[in-house]
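Undergrad: Compute the structure for the input listed below.
(chains A, B, C and D)
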2 protein chains.
Amino acid sequence: MPGKPTIKDIARLVGVSHSTVSRALNGSPLISSVTRERIQAIADRMDFEFNEGARRLKNRKTGIIGVLYYSVLNDFRSSLYTNELFRDLRHSLERVGLDALVVEAYNDQSGQSNIARLIRQNKVDGFVIIHPEIRREDYELIKVHKLPIVHIHMISDGISRDSVDCFFTDNYEGGHLAARHLIDSGCRKIQVVRIDENEAEEFRQRTLGCLSALEEAGFIVDVEGFFSCDCSYKGGYRLVKENHIHLREYDGIFIPADIAAFGFLNALKEEGIRVPEDLKVIGFDDSPVGRMTLPSLTTIHQPREELADKASKRIRSLLFDDTSDEPIQEYVKPALVIRESS
Amino acid sequence: MPGKPTIKDIARLVGVSHSTVSRALNGSPLISSVTRERIQAIADRMDFEFNEGARRLKNRKTGIIGVLYYSVLNDFRSSLYTNELFRDLRHSLERVGLDALVVEAYNDQSGQSNIARLIRQNKVDGFVIIHPEIRREDYELIKVHKLPIVHIHMISDGISRDSVDCFFTDNYEGGHLAARHLIDSGCRKIQVVRIDENEAEEFRQRTLGCLSALEEAGFIVDVEGFFSCDCSYKGGYRLVKENHIHLREYDGIFIPADIAAFGFLNALKEEGIRVPEDLKVIGFDDSPVGRMTLPSLTTIHQPREELADKASKRIRSLLFDDTSDEPIQEYVKPALVIRESS
DNA sequence: GACCTCCATGCACACGTTTGCATCCTGCAA
DNA sequence: TTGCAGGATGCAAACGTGTGCATGGAGGTC
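TA: Numbers count the residues shown, from 1 in each chain, chains lettered A, B, ... in the order given. So this is what the prediction gives:
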């Protein structure tokens, strides 16, 4: 009565041994369906939950997932969105009984990767990789130790997508949505900004999706004339400062990263270009700060919660179920969020 | 050899029983100091760490601390700073082997507080309270179940500070610093904004500290003439829109909450009031977005890491050490951060 | 020397779970 | 009838730690 119910309590009530309860609740095929259902019913009624401590002890697991994630906020580069993504990931992991541990994939002072240390000390059961700056040797090390890996958001060059578990935003579709929205809002001269972040595939997909929508609508696209900037607040800011005369020729612009769009908006204000009257602006990511800018930012929502959810469930499954090890790849659909800037 | 070392491994090496190792490493007074040191030396050499799973199992603890925290970002009210604080708290808790669980202190649909549920289901070992919207009955419930509580950042009305464990920023000192800085920067007509957030004590202290510095410097302070706004982006924004003529009389202003200062800065830009040339602005909190505004915001840094650290260590100690239960109150010093707005 | 005290240490069990192995039962073939 | 197969379930040990109780030894007193 005092404290949480255990499998033994359930066993007593059902009239079976606690082994049977354990197997039933873990989906073992050894248990007959009628017994399983009786057990499940009682467990539900009592709000039964496994004692994670005991489970981890017995399974020799820590319940901790290392998350490789570029968390440095100092320069406000691309970290705005990944911060949010990490938050959602953390919540999803919690929901499946796991904890997240931030991993800085860099050498510490000793010159040794702390990924090696984490593995050596059995600190983590597996990894979720958000940002791609992981060194080849660390990656191999994880593989050698047979720890599961799930990728979200980006993927390192040189790793074949088909051979790993990964969940991504459909960036192409997102770019397409963005262009469609500008067209539907009446824009006739649309500009696309190219993000020069190591030629990252995700940004390229956004631009390509955008172009396809423009072409479908019969727009003539001057690919050579594209602006470009890096994925940062200052990148967007400078873009305006260096091109503001040229910018007045356009009535709509797609900036495939919110963080750059923020700098862009602020610079426009300083130049006296009105948004959305003179120029409609749409970003990409749906960073929460987008609600706070003036005007607030129309953008493409990345399905963070969904990505986080899928990744969490997948890694849980890789850890506990001995299913076939066929890797899974999945693209998740983004969504348009209309605010004041368009 | 394979896997992490356990207390039994250490026991074998030292030539004692694992009980002795357990006691030694937990600081039990039963162990002689010479034995303790031998054990400690070996433990250090092997990078020994306790198996948290086993520990939690044995101690009937979950290792999870419920954090009451107003996490809703929708309206961007005061949540900007508390979000950062929570992040730091999470990291500190991790460092002492604990996990944080966000607790929304509101009734869920059933009308029942989920604090009651968490306690009933033994989901948490204790609470850290960041924001003060906790209902009397929930508070009593925690007390009745003898779960430890540590307060940071704010405290509910009707709870006596002396009777609880709490760690706060020295808000008075912070306000003092802010005013000193404006004076030292050459301001001669300084305005102070009062934040009307339920007359919260923390804001009042900031204002008071500011006033004392002004008076010390021989300024004549027109308390009646103070502006006031609520603790939100829009609050600061409106403040300008409704008082911009009046504002031109001043050359320095202290806005005791960054979030309001952000709205304030944006509105100033629209009104053509230059910062810092016409008006120097200083905020309070050191929210990270302050680096991103134009101009970036001079502010008072709240010692979040330190508050988080102290709170984490304290709750750990309340959980595991059976020290005397004298509650601890501590005020931590803030620091001035100079950026472009002053 | 016998007795007692006090301090340091060991023994053994418990925490809740998983799992290899043993056991039991039912049904079917010989 | 016996034997056997196979499915369902129970038994018991193990994971690493904490702790009440027993034990052993050193030192002191009479």
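Undergrad: all strands of chain A, in order?
TA: Ranges of strands within chain A are A:64-68, A:99-103, A:126-129, A:149-152, A:165-169, A:190-195, A:227-229, A:252-254, A:280-282, A:299-301, A:329-332, A:335-337, based on DSSP state E.
Undergrad: And these, which one averages the lowest pLDDT?
TA: Lowest mean pLDDT within the strands of chain A: strand A:99-103, at a mean of 85.
Undergrad: Sheet partners, orientation included, of that strand?
TA: strand A:64-68 (parallel) (DSSP bridges).
Undergrad: rewinding a little: can you check which of the strands of chain A gets nearest to residue A:52?
TA: The closest approach between residue A:52 and any of these, judged by C-beta to C-beta, belongs to strand A:99-103 at 9.7 Å. C-beta here means a position set from N, CA and C on the backbone, and glycine is covered the same way.
Undergrad: in the closest one, what counts as buried?
TA: Using 16 or more other C-beta atoms under 10 Å in any protein chain shown as the test for burial, strand A:99-103 gives A:99, A:100, A:103.
Undergrad: Over to stretch A:187-203?
TA: For stretch A:187-203, burial by neighbour count (16+ other C-beta under 10 Å) applies to A:187, A:190, A:191, A:192, A:193, A:194, A:195, A:197, A:200, A:202, A:203.
Undergrad: The closest residue to residue A:253 other than its chain neighbours and residue A:258, how far apart?
TA: Take residue A:253 and drop its neighbours on the chain: the residue closest to it by C-beta to C-beta, 6 or more residues apart in numbering or on different chains is residue A:191, 4.5 Å away. When distances are taken as C-beta to C-beta, to the nearest Å, residue A:191 and residue A:258 turn out to be 17 Å apart.
Undergrad: Same question for residue A:9.
TA: Counting by C-beta to C-beta, the gap between residue A:9 and residue A:258 amounts to 51 Å.
Undergrad: same deal with residue A:38?
TA: Residue A:38 sits 52 Å away from residue A:258, going by C-beta to C-beta.
Undergrad: Looking at the two now, which is surrounded by more residues?
TA: Per other C-beta atoms under 10 Å in any protein chain shown, whichever of residue A:38 and residue A:258 has more neighbours is residue A:258, with 28 against 17.
Undergrad: My read is that the more buried one contacts residue A:299, right?
TA: Yes: proximity of residue A:258 to residue A:299 meets the contact threshold set by C-beta atoms under 8 Å, at 5.8 Å.
Undergrad: anything in contact with each of these two?
TA: A:283, A:284, A:285, A:286, A:287, A:290 (C-beta atoms under 8 Å, 6 or more residues apart in numbering or on different chains).
Undergrad: hmm, which two among those are most spread apart?
TA: Farthest pair in those (C-beta to C-beta) is A:284 and A:290. Separation: 10.3 Å.
Undergrad: how's chain A carved up into domains?
TA: With domains defined by automatic domain parsing, chain A comprises A:7-50, A:64-169+A:305-332, A:171-301.
Undergrad: Pick the most buried one from the ones you listed.
TA: Burial of the domains of chain A is given as mean neighbour count (mean count of other C-beta atoms under 10 Å in any protein chain shown); domain A:171-301 ranks first at a mean of 20.
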